[in-house]
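1. predicted model and sequence follow; I will ask about them next.
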Amino acid sequence: MASLAQHFTGLRCSPLSTSRLSKSFSPTQTKTTLLPIVSASVISNAQTKERLKLKEIFEEAQERCRTAPMEGVSFNLDSFYSALEKYDFNSEIGTKVKGVIFHTDNKGALVDITAKSSAHLKVEDACMHKIKHVEEVGLVPGVKEEFVIIGENEDDDSLILSLKTIQFELAWERCRQLQAEDVVVKGRVVGANKGGVVAVVEGLRGFVPFSQLSTKSTAEELIEKDIPLKFVEVDEEQSRLVLSNRKAMADNQAQLGIGSVVLGTVQSLKPYGAFIDIGGINGLLHVSQISHDRVSDIATVLQPGDTLKVMILSHDRERGRVSLSTKKLEPTPGDMIRNPTLVFEKAEEMAQTFRQRIAQAEAMARADMLRFQPESGLTLSSDGILGPVTSDLPIEGLDLSDVPSAVTE
């Protein structure tokens with residue numbers, strides 16, 4: 001043992017106990033002791049390589065940032081300014097913006113217009129008509145609309161929006177278009193003054209001078225009634241809208257051809273007939289012209305407010321009188337009493353038959369007169385066509401007493 005100790009005198013190691021030296025030494029134990037040392041060496045080398053690789057990447061990135069910072073980047077300076085323009089808008093009064101409503105209450109609505117703060121839509125600015133809550137006109141959270149900026153709230157710098165302003169702009173544009181087309185429109189009379197009446201058309205209040213009213217009714221009697229109107233002046237800048245009932249009535253009267261069928265509304269009942277409103281003109285439907293069957297009580301057939309189709313029998317433009325008939329429109333006698341719906345549905349068809357019979361009778365009457373003027377060389381064929389003399393016409397002429405009635409009795 002002493003000689004073995006002298007052999008390892010030069011090694012730096014902790015003293016060995018006698019018990020450890022007494023155990024037998026084997027190659028397997030030596031190999032097991034060396035394995036952890038080899039593994040630690042391999043891991044240390046891999047970590048060092050990894051650190052060196054990362055260092056190279058960082059140095060390369062640092063150099064690229066210093067020499068070419070925008071290389072390989074798609075978002076450039078132009079893209080930055082473009083993004084700013086997308087989320088920035090002109091907040092001046094009169095500018096139109098799009099927004100989404102996200103909250104409503106009795107005062108109005110809050111609108112997201114992608115600004116620094118939400119915008120406010122007051123209930124009085126939400127519609128051109130008077131409303132108590134914005135949801136009455138469909139303005140609920142989630143609805144997207146185009147608004148116009150009309151002011152700014154000094155307390156929180158939020159913008160004040162309006163829908164009413166845009167609606168008025170569209171209404172004026174619509175009135176200008178209708179004036180250019182020279183069409184007749186319906187207007188509701190809502191007020192009166194010493195010069196005329198005020199009527200609402202397309203949501204705008206227009207003035208109808210008394211000189212432009214063709215009705216004999218007083219201003220008070222016209223309140224809350226619809227009358228036909230035409231545009232005389234449409235001036236948005238001066239907020240002037242002048243209308244004419246007289247021009248509209250003249251147009252309506254020009255369209256009242258004898259034998260034509262028009263839609264009317266029963267205005268009032270009298271013992272002798274019913275007054276029917278046909279586009280602003282009052283016509284008389286006499287009790288004898290209601291049906292082929294006798295009508296003892298008009299109220300059993302018609303009521304004020306009923307809508308029906310009537311035929312124009314006559315029109316006195318000077319006196320402003322129009323005579324009407326539903327009797328001529330009955331497919332079978334008594335339909336106005338038993339089946340007025342059928343009369344309404346077949347009105348145009350029956351009117352066409354009536355006009356054809358009238359035209360044929362008139363042509364035959366003219367042909368009969370030509371019997372006394374043979375030098376004209378004209379006559380009437382059996383089809384009711386006026387032309388040269390043919391064998392279709394008997395030499396003695398036509399007997400007009402056999403012309404059938406428009407309706408089979």
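-> In hand now; what should we look at?
2. pretty sure residue 134 contacts residue 108?
-> Yes - contact status for residue 134 versus residue 108: in contact at 5.9 Å, counting by Cβ atoms under 8 Å. For the C-beta atoms, the positions are set from N, CA and C on the backbone; glycine is no exception.
3. compare the two (neighbour count), which wins?
-> Using other Cβ atoms under 10 Å, the more surrounded residue of residue 134 and residue 108 is residue 134, with 24 against 21.
4. low-confidence regions, the stretch 151-300 of the chain specifically.
-> 252-255, 279-280 (pLDDT under 70).
5. if you set the cut-off to 80 instead, what comes out?
-> Within the stretch 151-300 of the chain, the segments meeting pLDDT under 80 span 154-157, 214-217, 249-258, 279-282.
6. tell me where it has strands.
-> 159-162, 185-192, 196-201, 204-209, 226-235, 240-244, 261-270, 273-277, 282-286 (DSSP state E, counting those that start in this stretch).
7. which other helices and strands contact the fourth one?
-> Helices and strands in packing contact with strand 204-209 are listed as helix 164-181, strand 185-192, strand 196-201, strand 226-235, strand 240-244; criterion 3 or more Cβ pairs under 8 Å, 6 or more residues apart in numbering; DSSP states H and E.
8. next: the shortest one.
-> When contacts are defined as 3+ Cβ pairs under 8 Å, 6+ apart, strand 159-162 packs onto strand 119-122, strand 144-152.
9. that one pairs with which strands, parallel or anti?
-> strand 119-122 (parallel), strand 144-152 (antiparallel) (DSSP bridges).
10. any buried residues in that strand, and which?
-> By 16 or more other Cβ atoms under 10 Å, the buried positions in strand 159-162 come out as 159, 160, 161, 162.
11. any idea how far that strand is from the chain center?
-> 23 Å (Cα atoms, centre = their mean, to the nearest Å).
12. returning to what we had before: to residue 180, which of the helices and strands packed on strand 159-162 lies closest?
-> For those, proximity to residue 180 was assessed by Cβ to Cβ; strand 144-152 is nearest, at 25.3 Å.
13. buried stuff in the closest one?
-> Residues of strand 144-152 classed as buried: 145, 147, 148, 149, 150 (neighbour count, 16+ other Cβ under 10 Å).
14. for stretch 99-108, same thing?
-> 99, 101, 104, 108.
15. circling back: turn the buried residues of strand 144-152 into CSV, including distance to residue 327 and pLDDT.
-> Below are the buried residues of strand 144-152 laid out as CSV (distance: Cβ to Cβ, whole Å; pLDDT from 0 to 100):
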residue, distance to residue 327, pLDDT
145, 54, 91
147, 57, 92
148, 57, 91
149, 63, 91
150, 60, 91
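16. report the beta-bridge partners for residue 208.
-> residue 197.
17. please look at residue 265 and residue 274 and confirm they touch.
-> No - using Cβ under 8 Å, residue 265 is not in contact with residue 274; the gap is 10.4 Å.
18. so between those two, which is more surrounded?
-> Of the pair residue 265 and residue 274, residue 274 is the one with more neighbours under other Cβ under 10 Å, namely 28 against 15.
19. thinking again about what came up before, now the buried residues of strand 144-152 as TSV including distance to residue 288?
-> Shown next, in TSV, are the buried residues of strand 144-152 (distance: Cβ to Cβ, whole Å):
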residue	distance to residue 288
145	58
147	61
148	60
149	66
150	62
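20. which of those residues sits closest to residue 178?
-> residue 148 (23.6 Å).
21. wait, what's in contact with the closest one?
-> 94, 95, 96, 97, 161, 162, 163, 165, 166 (Cβ atoms under 8 Å, 6 or more residues apart in numbering).
22. drop anything exposed from the residues you listed.
-> For these, buried by 16+ other Cβ under 10 Å: 97, 161, 162, 163, 165, 166.
23. looking at those, spot the one nearest residue 211.
-> residue 165 (33.2 Å).
24. does the closest one touch residue 150 like I think?
-> Yes - the criterion here is Cβ under 8 Å, and residue 165 meets it with residue 150 at 6.3 Å.
25. please enumerate the shared neighbours of those two.
-> With Cβ under 8 Å, 6+ apart as the test, residue 165 and residue 150 both reach residue 125.
26. could you confirm residue 97 falls within a strand?
-> Yes - counting by DSSP: H, G, I helix; E, B strand; the rest coil, residue 97 falls inside a strand.
27. and for residue 366, the neighbour number?
-> Using other Cβ under 10 Å as the criterion, the residues surrounding residue 366 number 12.
28. so what's the closest residue to residue 205 other than its chain neighbours up against?
-> If the residues on either side of it in the chain are set aside, residue 205 comes closest to residue 198, at 5.5 Å by Cβ to Cβ, 6 or more residues apart in numbering. Residue 198 is in contact with 189, 190, 191, 192, 205, 206, 207, 208, counting by Cβ under 8 Å, 6+ apart.
29. hang on, the earlier thing: tell me which of the buried residues of stretch 99-108 is nearest to residue 243?
-> residue 108 (32.9 Å).
30. roughly how far does the closest one sit from residue 161?
-> 9 Å (Cβ to Cβ, to the nearest Å).
31. can you list residues touching both of these two?
-> 120, 121, 125.
32. most neighbours of all the residues you listed, which one?
-> Busiest of these [other Cβ under 10 Å] is residue 121, holding 26 neighbours.
33. contacting residues around residue 295?
-> Residue 295 touches 287, 301, 337, counting by Cβ under 8 Å, 6+ apart.
34. make a markdown table out of those and add neighbour count and distance to residue 45.
-> Formatted as a markdown table, the contacts of residue 295 follow (neighbours: other Cβ atoms under 10 Å; distance: Cβ to Cβ, whole Å):
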| residue | neighbour count | distance to residue 45 |
| --- | --- | --- |
| 287 | 19 | 121 |
| 301 | 21 | 114 |
| 337 | 17 | 115 |
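35. just the ones of the residues you listed in helices?
-> residue 337 (DSSP state H).
36. as a markdown table, the contacts of residue 295 with distance to residue 181 would be great.
-> As requested, the contacts of residue 295 are arranged in a markdown table below (distance: Cβ to Cβ, whole Å):
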| residue | distance to residue 181 |
| --- | --- |
| 287 | 40 |
| 301 | 38 |
| 337 | 42 |
